[in-house]
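K.L.:
Give the three-dimensional model of this entry:
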Amino acid sequence: MMRYTVPRDLYFGKGSLEQLKNLKGSKAIIVVGGGSMKRGGFLDQAVSYLEEAGMEVKLFEGVEADPSVETVMRGAEMMKEFEPDVIVSMGGGSPIDAAKAMWAFYEYPEVTFEDLCIPFNFPKLRTKAIFVAIPSTSGTATEVTAFSVITDYAKGIKYPLADFEITPDVAIVDPALAETMPAKLVAHTGMDALTHAVEAYVSTMNGPFTDPLALRAIEMVFDYLPTSFEGNMESREQMHYAQCLAGQAFSNALLGIVHSMAHKTGAAFEGGHIPHGCANAMYLPAVIEFNSKDETAMKRYADIARFVKLEGSTDEELMRALVKKIRDFNVLLGIPASLKEFGIPEDEFNAKIANISELAVGDACTGTNPRSIDPATMEKLFRAIYEGVSVDF
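P.N.:
Next up is the predicted model:
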């Protein structure tokens, strides 16, 4: 038996933020990031709509780009004191991810972070509050997923939390919030969305409900990301919907080792933090080459290539065309072709990569990758990506 879970209500289209005024509750807390929602006037709108709904509103501001365990615990403490029955998070993936974890600690103060790190081990939520997610970036799709990524900076590790309990109750996908994204963020989040859809399609948990969403999301990213990157707002709206489709696919089909690798390298190097979407974009072509040694994966990558009308007479030719398409996109979007080009010092890479490889194999996303991998092979794959060479093993 398999399961398919998405938010009960999803509102989309320009102006859909106004749906907040129709929520039921007495107290609402809004979790936001560094200030873009305030500068754009969206935070004030959200507060106004919630107050129109008859709620007392409190803000938790300043969630960092990669939310920390400490930020999560501070937010949970505020929730315990305020006792909201509606949790609203708006902004990029980070404040929404942080709010999901805060939600668990608010409802269950005795739970530990170690408990939540065990996949699908969350307690039953919604005993105190419902959860509303409003994305302002077009990549993470955390507004429709059962996932959250929290960083332990002391250990230099990103922990993916996974449980259908943290799938939001309401998602509001208003493209107006995504219009102010800078070009680099458009590039990184767009490639994150592409990676979500590709990994969902080849995951060992793929199925008839997720495949159509994944394929359509891939097609939309290829169609709209370049012009969204250039500033076309119609394309940016379509990318906001594409990433949401990809999110519904991967939340149910799960992911693969591109994400395992990105989770374990994002905060690992002193020589430079690697933004999540940028890491995915760098790793995806090499992982496709690696996974394609599995016959079933090869066929599914070829399916993707056929769907987006790439040329090739064999499955391998189609897979290679897909890899080239993604690498060409990275060039177009200004994304480095290798970890060396990104700027990770070779000495630090060599000193840390064995431990990183072991952690990546143990990541929650590895289990649904179409080809199995051990730490030694993972290290070999990382070394190929560091140098930017093709994978043939």
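K.L.:
all contacts plus neighbour counts: C-alpha atoms, from now on.
P.N.:
OK.
K.L.:
Can you name the helix or strand that the residue of the chain positioned farthest from its centre falls in?
P.N.:
What lies farthest from the middle of the chain is S313; by Cα atoms, centre = their mean that is 33.4 Å. Under the criterion DSSP states H and E, no helix or strand holds S313.
K.L.:
How about W103?
P.N.:
helix 93-107.
K.L.:
Alpha carbons of that helix, in CSV - could you do that?
P.N.:
Provided in CSV are the C-alpha atoms of helix 93-107 (Å, rounded to 0.1, in the frame of the first residue of the first chain):
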residue,chain,number,x,y,z
GLY,A,93,11.4,27.6,2.3
SER,A,94,13.4,28.5,5.4
PRO,A,95,10.7,30.1,7.6
ILE,A,96,8.2,27.5,6.5
ASP,A,97,10.5,24.7,7.3
ALA,A,98,11.4,26.3,10.7
ALA,A,99,7.7,26.8,11.5
LYS,A,100,6.9,23.1,10.8
ALA,A,101,9.5,22.0,13.4
MET,A,102,8.3,24.7,15.8
TRP,A,103,4.8,23.3,15.4
ALA,A,104,5.9,19.9,16.7
PHE,A,105,7.7,21.3,19.7
TYR,A,106,4.8,23.6,20.5
GLU,A,107,2.3,20.7,20.6
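K.L.:
Now do it: which elements does it pack against?
P.N.:
Where contact means 3 or more Cα pairs under 8 Å, 6 or more residues apart in numbering; DSSP states H and E, helix 93-107 is packed against strand 27-31, helix 69-82, strand 86-91, strand 130-135, strand 147-152.
K.L.:
CSV for those, including distance to L161?
P.N.:
Output for the helices and strands packed on helix 93-107, formatted as CSV (distance: least, Cα to Cα, whole Å):
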stretch, distance to L161
strand 27-31, 18
helix 69-82, 12
strand 86-91, 17
strand 130-135, 16
strand 147-152, 5
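K.L.:
Not counting its neighbours along the chain, what's nearest E56?
P.N.:
K27 (4.7 Å; Cα to Cα, 6 or more residues apart in numbering).
K.L.:
where's the one you found relative to I353, distance?
P.N.:
47 Å (Cα to Cα, to the nearest Å).
K.L.:
now F120, nearest residue through space, not along the chain?
P.N.:
Counting by Cα to Cα, 6+ apart, the residue nearest F120 is D163, at 4.2 Å.
K.L.:
Phi first, then psi, for the one you found.
P.N.:
phi -170, psi 140 (degrees, to the nearest 10).
K.L.:
quick one: it and P119 touch, right?
P.N.:
Yes. Counting by Cα atoms under 8 Å, P119 is a contact partner of D163 at 6.5 Å.
K.L.:
Those two: which has the busier surroundings?
P.N.:
D163 (19 against 16; other Cα atoms under 10 Å).
K.L.:
Which elements pack onto the helix or strand of the chain with the lowest mean pLDDT?
P.N.:
Least confident helix or strand of the chain, by mean pLDDT, DSSP states H and E, is strand 157-162 with a mean of 81. Counting by 3+ Cα pairs under 8 Å, 6+ apart, the packing neighbours recorded for strand 157-162 are helix 113-117, strand 147-152, helix 257-265.
K.L.:
switch the cut-off to 10 Å
P.N.:
Counting contacts by 3 or more Cα pairs under 10 Å, 6 or more residues apart in numbering; DSSP states H and E, strand 157-162 packs against helix 93-107, helix 113-117, strand 147-152, helix 257-265.
K.L.:
ok, and the closest non-adjacent residue to R8?
P.N.:
That would be D169: by Cα to Cα, 6+ apart, it lies 5.5 Å from R8.
K.L.:
What does the pLDDT read for that neighbour?
P.N.:
Per-residue pLDDT puts D169 at 98.
K.L.:
OK, contacts around it?
P.N.:
V6, P7, R8, D9, L10, R126, I130, F131, V132, A133, E143, V144 (Cα atoms under 10 Å, 6 or more residues apart in numbering).
K.L.:
ok, back up a step: pLDDT score for the residue nearest to F120?
P.N.:
94.
K.L.:
Show the contacting residues for it.
P.N.:
By Cα under 10 Å, 6+ apart, the contact set of D163 is 116-123, 145-148, 251.
K.L.:
What's the ChimeraX syntax to select whichever of those residues are buried?
P.N.:
To isolate the buried members of those in ChimeraX, using 16 or more other Cα atoms under 10 Å:
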select :116,117,119,120,122,123,145,146,147,148,251
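K.L.:
Closest to L23 out of the contacts of D163?
P.N.:
Ranked by distance to L23 (Cα to Cα), the contacts of D163 are led by T145 at 20.7 Å.
K.L.:
where in this protein is pLDDT low?
P.N.:
Along the chain, the model assigns pLDDT under 70 to residues 271.
K.L.:
Excluding residues flanking it in the chain, which one is nearest the residue most central in space within it?
P.N.:
The centroid of the chain falls nearest to T140 when counting by Cα atoms, centre = their mean (3.0 Å). Closest residue to T140 apart from its sequence neighbours, by Cα to Cα, 6+ apart: G93 at 5.6 Å.
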